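In: here is my input, please return the structure:
(chains A and B, ligands or ions: 1)
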Amino acid sequence: MDVKNKISRRKFLSLSLVGIGGISLLSLGALNKKPISKWRFFTENEVLILDALVEQIIPTDESMGARDAGATNFIDKQLMGPYQQFQKDYRDGLKLLQQSSMEKFNSKFEELNWENQTILLKLIDKDELKHSHWEKGADKKFFSMVIRHTMQSFYGSPKHGGNKNNVSYKMLKLDTPIIIGQNRYK
Amino acid sequence: MKNKHVNAIVIGAGAGGGAVAKELSFAGLSVVLFERGGWAKYDDVYDDELHSQRIRALGQAYGPDDARHCRVIENKDGSTKIIRPSDGGFSEVAACVGSGTVSYGAMAWRFMEEDFKLKSIYGAVEGSSLSDWPISYSDLEPCYEKAEWEMGVSGDETQNPFSPPRNKPLPMPPFSHNKEALILKDAALRLGWHPFPIPMLRNSVPYDNRPACYRMRTCVGFACPVNAKAGSHNTVIPKAIETGNCELRINSLVSEILVNDNGKIYGVNYFDADNKQQTQSADVLIVSASAIETARLLLNSKSKFFPNGIGNGNDWVGRNLQGHLYTGAYGIFKDEIYDDFGPGASIALCDFNHHNEGIVGGALLANEFIRMPYQFSEIRPKGEPYWGLKHKEFQRNNFKKVARVMGPLQEMPNFNSRVTVDPSVKDFWGIPVARLSGERLDADMKGANFIAEKAEKWLLEAGAEFTWQTASKGKGVSGGAHQAGTCRMGNDPKKSVTDPFGRVHETPNLFVADGGLNVTNGGFNPALTIIALGYRVGGYIANEWAKGNRFK
Ligand SMILES: Cc1cc2nc3c(=O)[nH]c(=O)nc-3n(C[C@H](O)[C@H](O)[C@H](O)COP(=O)(O)OP(=O)(O)OC[C@H]3O[C@@H](n4cnc5c(N)ncnc54)[C@H](O)[C@@H]3O)c2cc1C
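Out: Just a heads-up that it's a prediction; the model follows:
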């Protein structure tokens, strides 16, 4: 549906300052300053961590995993669109994950072997990581968010930057594009 | 330029408002129908789960949009949270011509006779403001019939022994069952229950110049690609416009109901498509903005005559906010049971809508519409991981082997479950937003568990190898897509907001016609009842108008 925003952006921002308080896009400006990268939001270093993380969430087996299916690309794209509000969560979360990895295994997360990556994530998932860097519960909250977005990238429409070559639809034996019972009538 | 005075203003082009606009314009009244959204197009979101009305991860395809709308949720401990339409718990229906009736599941339920007199049948319920309706089923029966024939409903109510009495059969035959429904049907019969095909606001055969359903399965959360699903946007609203008496004014958001120096309601202020404020006057006004937004609009319309908002002298506007707790179970079958054959939801039973030992009311049980891959990634029995290889394998192995049976539980109205306007948070136009507070009652938890057990029993009998219930996720703030109750109709002006024809007690010419009127919300999806109420309110005004009543 057409929901063209017809008031100037400036006016909206000032209105929302009065009204909605800080929920929306106000922190954008500051976060946009980043080193040069071929990504929209992430730095190259962040991409290394996130690629490893999403691959743990949906690993490669007989079909492609989340990394190769474009999860990082999906998240990067949405962070400059509907997921602007999560920019800071990603920036901080990836940094803290890296710190936790260094602390526990004395190695970067993306360089850990598969088993140790899993061990670290399971600790986070069970809320059992020692919270030296994270605020209480923040690690689990971050991980849950990345799980949610990774699932969206992998199982949602490829047009948003993930689910490369309809990989998940093929895996689920669905007609592609998705949900098209009408194929039987073609 | 000043807008020309009209006979009637209808606010909201959804389920209730569409029927009202049709009745009034057919009776010759000049009508302006306001809708804050625009026309929804199927092509915009046809296969995009992340944009559907069900998932909305990347936005609300049918509105309202995140950029301009928000609400406040007040938790039990008094803490508050600002939420946007794409967040869970926002409680949106939609914001487009047709509103919920564009992307809804289109189940077309009549409430049962019992649903109009719960208090008389069951007595008082602890903590609940439960009451009978001021009208009976038979008062609404002709309006149900009108809704069924003018919008088009398919089904066969003779197969449902609990179906309330009717004068005329449904205009279209029922849909044939899909694979899952056939299996469930046999199981229900073995259990001695009474399964039947779900009545649907959908064409099983061509009807009213719209084609028959072609059985794809984007049947809920999406618009229908061929207009086989009936909503107000493709039935009553175009018909109202065709009379030449009704102007549909889209992208126009009403901000306030206006009162003159004599205390008389004479029109509205609204923001047009360019966000310019305008005024429209009329003799009679009907608010059909859905239960939450209608309450918000009345409460935001303060004047020296109505210091607490219009119709709110008794502090009842916005109270008794209800929805439906969905309760049921999932089952995993040995073989594939999902065949992607629309409308998906195909079989139901009403064995547990009433007369359940120890339960007030109950719920219908039906199978589920649609299965979407991302949505399924969050559907797991307890103990199953939510990530990792095992999660992926579960997804691969079970996507087509899972069935769900569920129903909307009759919620007990709670006087403290309510809509107020937030003292500080405003939307994009500077209008105070709705604040939702209160919670469901213990009685609902009991009912939810009871129904979930029946659902599980049904699935097991059908051959499910493993089942799990989805009963209560905690009480939480009520509302949701089935929001109702905030402008209760009643005979006693001290204990209700409108009279039995939807007229706001404190006023001669302001009416409500949407889910807000529902005294109780049935163990059924409410759209057909809301549409029937629209016909009732619209029909009443049209009749009075013909007799010369100008609601002064
Ligand atoms: C995904 C989904 C599936 C559903 N499935 C079913 C089903 O199978 N069966 C069933 O019976 N029900 C179903 N429903 C519920 C049904 O759609 C609602 O109960 C019904 O639409 C509510 O009717 P209403 O008239 O109260 O409000 P609505 O239909 O929501 O109409 C309100 C209209 O008012 C407009 N509006 C609000 N405020 C303003 C303002 N200030 N100015 C101008 N316009 C305004 C809104 O944009 C909207 O168009 C479903 C809903 C959803 C979202």
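In: touching chain A at all, stretch B:7-27?
Out: No - Stretch B:7-27 lies out of reach of chain A by Cβ under 8 Å from any Cβ of the partner chain, never closer than 13.1 Å. C-beta coordinates here come from the backbone N, C-alpha and C atoms, glycine included.
In: report the mean confidence score over that stretch.
Out: Averaging pLDDT along stretch B:7-27 gives 98.
In: that's a strand at residue B:420, yeah?
Out: Yes - membership of residue B:420 in a strand is supported by DSSP: H, G, I helix; E, B strand; the rest coil.
In: hey, where'd the strands end up in chain A?
Out: Assigned strands in chain A: none (criterion: DSSP state E).
In: next: the stretch 1-150 of chain B.
Out: B:6-11, B:31-34, B:71-74, B:80-83 (DSSP state E, counting those that start in this stretch).
In: so which of the ones you listed is nearest residue A:112?
Out: Using Cβ to Cβ as the measure, strand B:80-83 is the one of the strands of the stretch 1-150 of chain B that comes nearest residue A:112, at 36.4 Å.
In: pretty sure residue B:462 sits against residue B:332.
Out: No - between residue B:462 and residue B:332 there is no contact under Cβ atoms under 8 Å: 11.5 Å.
In: so which of those two has more stuff around it?
Out: residue B:462 (24 against 18; other Cβ atoms under 10 Å in any protein chain shown).
In: where does the chain have low pLDDT?
Out: I went with chain A, as the question did not name one. Residue ranges of chain A with pLDDT under 70: A:1-36, A:131, A:177-186.
In: not what I meant, chain B
Out: Using pLDDT under 70, chain B drops low at B:1, B:472-474.
In: find the residue at the geometric middle of it.
Out: Centroid check for chain B by Cα atoms, centre = their mean gives residue B:482 as the closest residue, at 3.7 Å.
In: how much space separates it from chain A?
Out: Per Cβ to the nearest Cβ, to the nearest Å, residue B:482 is found 22 Å from chain A.
In: again, but for residue B:340
Out: Noted for residue B:340: a distance of 5 Å to chain A, by Cβ to the nearest Cβ.
In: same thing with residue B:109?
Out: Note on residue B:109: its distance to chain A, by Cβ to the nearest Cβ, is 24 Å.
In: nearest to residue B:312, out of the strands of the stretch 1-150 of chain B?
Out: Residue B:312 sits nearest to strand B:6-11 of all the strands of the stretch 1-150 of chain B, at 16.9 Å, using Cβ to Cβ.
In: how far off centre is the closest one?
Out: Strand B:6-11 has its C-alpha centroid displaced from the chain centroid by 23 Å (Cα atoms, centre = their mean, to the nearest Å).
In: buried ones in it?
Out: The neighbour-count check on strand B:6-11 (16 or more other Cβ atoms under 10 Å in any protein chain shown) flags B:6-11 as buried.
In: that strand pairs with which strands, parallel or anti?
Out: strand B:31-34 (parallel), strand B:277-287 (parallel) (DSSP bridges).
In: point out the most buried one among those.
Out: Stretch with highest mean neighbour count among those: strand B:31-34 (a mean of 27; mean count of other Cβ atoms under 10 Å in any protein chain shown).
In: any idea how far it is from the chain center?
Out: Distance of strand B:31-34 from the chain centroid (Cα atoms, centre = their mean) equals 21 Å.
In: was I right about residue A:107 contacting residue A:101?
Out: Yes - between residue A:107 and residue A:101 a contact is recorded at 6.4 Å, counting by Cβ under 8 Å.
In: and the two? Which one has more around it.
Out: Between residue A:107 and residue A:101, counted using other Cβ under 10 Å, the more crowded position is residue A:101 (21 against 13).
In: if I look at the residue lying farthest from the centre of chain B, how far off is residue B:334?
Out: What lies farthest from the middle of chain B is residue B:389; by Cα atoms, centre = their mean that is 39.1 Å. To residue B:334, residue B:389 is 23 Å away according to Cβ to Cβ, to the nearest Å.
In: and if you look at residue B:286?
Out: As for residue B:286, its distance to residue B:334 is 54 Å (criterion: Cβ to Cβ).
In: also residue B:323?
Out: Per Cβ to Cβ, residue B:323 is found 36 Å from residue B:334.
In: rewinding a little: got a list of what the residue farthest from the centre of chain B touches?
Out: Taking Cβ atoms under 8 Å, 6 or more residues apart in numbering or on different chains, we find residue B:389 in contact with A:59, A:61.
In: got the phi and psi for it?
Out: Backbone torsions for residue B:389, taken as degrees, to the nearest 10, come to phi -60, psi -40.
In: helices of the chain, residue ranges please.
Out: Because you didn't say which chain, this covers chain A. Using DSSP state H, the helices of chain A run over residues A:9-18, A:28-32, A:44-57, A:71-79, A:87-105, A:114-125, A:138-155, A:167-171.
In: the intended chain is chain B.
Out: Using DSSP H, the helices of chain B run over residues B:15-26, B:100-103, B:118-122, B:137-147, B:179-190, B:236-242, B:291-300, B:373-377, B:389-398, B:442-461, B:527-546.
In: tell me the residues of the stretch 1-150 of chain B that contact chain A?
Out: Taking Cβ under 8 Å from any Cβ as the contact definition, the stretch 1-150 of chain B meets chain A at B:37-41, B:44, B:47-50, B:57-59, B:61-63, B:65-68, B:70, B:82, B:84, B:86, B:96.
In: at 7 Å what do you get?
Out: B:37-38, B:40-41, B:44, B:47-50, B:57-59, B:61-63, B:65, B:67, B:70, B:82, B:96 (Cβ under 7 Å from any Cβ of the partner chain).
In: which PyMOL command selects the buried ones in those residues?
Out: Those of the residues of the stretch 1-150 of chain B next to chain A that count as buried under 16+ other Cβ under 10 Å are selected in PyMOL with:
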select buried, chain B and resi 37+38+40+48+49+50+57+58+59+61+62+63+65+67+70+82+96
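In: now narrow the residues of the stretch 1-150 of chain B next to chain A to whatever sits close to the ligand.
Out: Filtering these for proximity to the ligand (criterion: Cβ under 6 Å from any ligand atom) leaves residue B:37.
In: now do the contacts for the residue nearest to the spatial centre of chain A.
Out: Central residue of chain A (Cα atoms, centre = their mean): residue A:75, 4.2 Å from the mean position. Counting by Cβ atoms under 7 Å, 6 or more residues apart in numbering or on different chains, residue A:75 touches A:50, A:149, A:153.
In: got it, and residue B:40?
Out: Listed by Cβ under 7 Å, 6+ apart, the contact set of residue B:40 reads A:1, B:62, B:96, B:98, B:102, B:223.
In: could you find the closest non-adjacent residue to it?
Out: Spatial nearest neighbour of residue B:40, excluding adjacent residues (Cβ to Cβ, 6 or more residues apart in numbering or on different chains): residue B:96 at 4.2 Å.
In: next one: that neighbour relative to residue B:523, how far apart?
Out: To residue B:523, residue B:96 is 28 Å away according to Cβ to Cβ.
In: before we move on, what about residue B:545?
Out: Taking Cβ to Cβ as the measure, residue B:545 falls 36 Å from residue B:523.
In: between those two, who's got more neighbours?
Out: The residue with more neighbours, out of residue B:545 and residue B:523, is residue B:523; 27 against 19, by other Cβ under 10 Å.
In: the more buried one and residue B:366 touch, don't they?
Out: No - when contacts are counted by Cβ atoms under 7 Å, residue B:523 is not listed as touching residue B:366 (11.2 Å).
In: need the residues touching each of those two.
Out: With Cβ under 7 Å, 6+ apart, residue B:523 and residue B:366 have common neighbours residue B:407.
In: for the nearest residue to residue B:347 once chain neighbours are set aside, what are its contacts?
Out: Spatially, and ignoring its direct neighbours in sequence, residue B:347 is nearest to residue B:181 (3.9 Å; Cβ to Cβ, 6+ apart). Contact analysis of residue B:181 by Cβ under 7 Å, 6+ apart lists B:346-347, B:367.
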